[in-house]
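Asks: have a look at this prediction, sequence included:
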Amino acid sequence: MTVERICPVCQGRAWSDFLTTGSGRVLVGGDQRVVPGYIHKLECSICGTISNARIASAEELQNLYTNEYLGQQAGMDHIFFDEGNMKTRGRVIYEWLRPWLPQSPASLIEIGCGEGHVLMHVAKEMPWLKCRGIEGSQRASDIARQAGLEVDNLLISGDYAISEDFDVIICFGVLEHIEEIESFIGILLKIATTGGRYIFGVPLQDFLTHDVFFSEHIWHWTSGQFIRMLSRMGLNAVMVDNNPDYPGFGLFVCHKSDSAGVCPEISDSNARSIRDWWLGTFKSIDNWLAENGDKRIAVFGAGEILCLLMAYTDLGKREIIACLDEDIRKHGLFNGIPVYAPDWLNDNEVDAVILTLNLRYQSLVAKKMEGYGVEVYSWGCNI
């Protein structure tokens with residue numbers, strides 16, 4: 001298939017179909033919404049990079065990220081659990097990138113800083129540092145400014161120029177959203193001080209992740225593809241790291257390259273096996289739902305995985321009586337479903353609870369649910 005899109009990794013123009021969904025619903029993963037639509041993803045026939053088939057216009061992206069990207073719980077940072085310990089997403093990212101910051105930087109900018117959860121830790125732990133953020137969402141940038149951070153509300157595109165130079169430029173969970181990625185990187189190349197450092201965090205197809213089902217993610221790379229793209233655009237990755245506390249993402253520490261255009265070889269992609277695993281899992285969930293069509297069901301986990309399953313399985317067509325979640329900040333409504341503490345089961349009856357949370361937590365939660373005397377469907381426990 002030949003389409004208008006050009007691969008940012010290898011400059012190829014030949015693509016083949018990779019994924020088309022047919023549920024009539026899609027996941028907008030960044031702010032955990034399920035909306036009408038379908039996704040169509042392509043695979044570069046040369047290097048294997050995955051992309052959205054349709055090229056979004058600048059106007060569409062402006063509207064999505066400035067107006068529509070609202071989030072489910074304003075100001076609430078995601079919580080990671082690790083052997084009973086809880087850390088916010090912002091804390092996990094800060095601790096991940098902190099060892100790779102220069103020893104005594106004077107200035108730092110985070111582009112796509114959201115509500116400032118990472119920038120807040122940087123400012124607190126390094127009070128001498130001049131910190132600045134840029135964020136497209138009006139709501140998110142307002143929350144960041146209310147927290148005392150210097151954040152500009154705008155999207156970087158076209159010939160936009162940032163007037164300052166910075167010792168550190170951070171983009172975490174941003175580049176996969178950018179259509180004109182070469183122009184975007186070109187802007188970043190102009191704002192680093194001599195010896196300036198770039199730190200990128202992106203979801204990778206090296207691991208069992210599900211971001212290929214995010215409708216708003218334009219690009220899906222392996223670490224090899226991402227490094228090759230950066231190299232072609234004038235950046236050298238001096239360190240590549242993954243973090244068990246932040247599964248599915250890779251961290252890339254870079255500086256301007258003295259030999260732009262020297263591109264390393266690309267390793268094989270896991271994208272097809274990841275896609276097939278999830279499509280098989282969706283089918284298994286649909287089979288369970290069909291076999292248990294008369295059961296009153298609740299779910300456990302008010303977050304991204306619930307939205308994923310509501311978008312791409314028949315769970316999105318079933319009545320969900322309640323969602324259970326141990327995070328009291330989420331109690332209320334989530335995508336129209338009432339959210340309660342697990343003890344809600346002590347006074348209310350359901351026939352089964354489907355676990356709708358990250359794979360790494362399912363065995364632990366399934367064990368916790370044993371005391372409630374209700375059937376638990378844990379589709380991820382047999383991995």
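Replies: Yep, that arrived. Residues are numbered from 1 along each chain as shown.
Asks: contacts for stretch 163-175, please.
Replies: The contact list for stretch 163-175, computed with CB atoms under 8 Å, 6 or more residues apart in numbering, reads 30, 93, 97, 101-102, 105-112, 118, 132, 181, 184, 188, 191-193, 195-203, 219, 249. The way it works is simple: take the backbone N, C-alpha and C, and place the C-beta from them, glycine included.
Asks: any of those buried? List them.
Replies: 30, 93, 97, 101, 105, 107-112, 118, 132, 181, 184, 188, 191-193, 196-203, 219, 249 (16 or more other CB atoms under 10 Å).
Asks: restricted to helices, list these.
Replies: Ile93, Leu97, Val118, Ile181, Phe184, Leu188 (DSSP state H).
Asks: just give me the closest of these to Phe207.
Replies: Ile93 (16.7 Å; CB to CB).
Asks: give me the nearest residue to the closest one, chain neighbours excluded.
Replies: Val118 (5.0 Å; CB to CB, 6 or more residues apart in numbering).
Asks: so the one you found sits against Thr88, correct?
Replies: No. With contact defined as CB atoms under 8 Å, Val118 does not count as touching Thr88 (9.7 Å).
Asks: scan the protein for its longest strand.
Replies: Longest strand in the chain by number of residues (criterion: DSSP state E): strand 192-203.
Asks: which residues touch it?
Replies: Contact with strand 192-203 is made by 93, 96-97, 100-102, 105, 107, 165-176, 188, 209, 211, 217, 220-221, 226, 230, 235, 248-256, as judged by CB under 8 Å, 6+ apart.
Asks: where does pLDDT dip in the stretch 101-250 of the chain?
Replies: Counting by pLDDT under 70, the stretch 101-250 of the chain shows low-confidence ranges at 158-161.
Asks: again, only this time at 90
Replies: Within the stretch 101-250 of the chain, the segments meeting pLDDT under 90 span 103-104, 137-139, 154-164, 207-208, 242-247.
Asks: using CSV, lay out the ones in helices among the buried ones among the contacts of stretch 163-175 together with distance to Tyr38.
Replies: Formatted as CSV, those follow (distance: CB to CB, whole Å):
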residue, distance to Tyr38
Ile93, 31
Leu97, 35
Val118, 33
Ile181, 24
Phe184, 27
Leu188, 33
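Asks: name the strands paired with the longest strand of the chain and say parallel or antiparallel.
Replies: Here strand 192-203 has these sheet partners by DSSP bridges: strand 166-172 (parallel), strand 249-256 (antiparallel).
Asks: ok so, going back, tell me the contacts of the residue nearest to Ile93?
Replies: Gly90, Ile93, Tyr94, Glu110, Ile170, Phe172.
Asks: apply 10 Å and report the result again.
Replies: 77, 88-94, 96-97, 110, 133, 170, 172-173, 201 (CB atoms under 10 Å, 6 or more residues apart in numbering).
Asks: please apply the same query to Ala341.
Replies: Leu324, Asp325, Glu326, Asp327, Ile328, Lys330, His331.
Asks: the fifth one and Thr356, how far apart?
Replies: Going back to what we said before, that points to Ile328. 18 Å (CB to CB, to the nearest Å).
Asks: comparing the two, which residue is more hemmed in?
Replies: Thr356 (28 against 10; other CB atoms under 10 Å).
Asks: was I right to think Trp96 contacts Asn242?
Replies: Yes. With contacts counted by CB atoms under 10 Å, Trp96 reaches Asn242, the gap being 9.5 Å.
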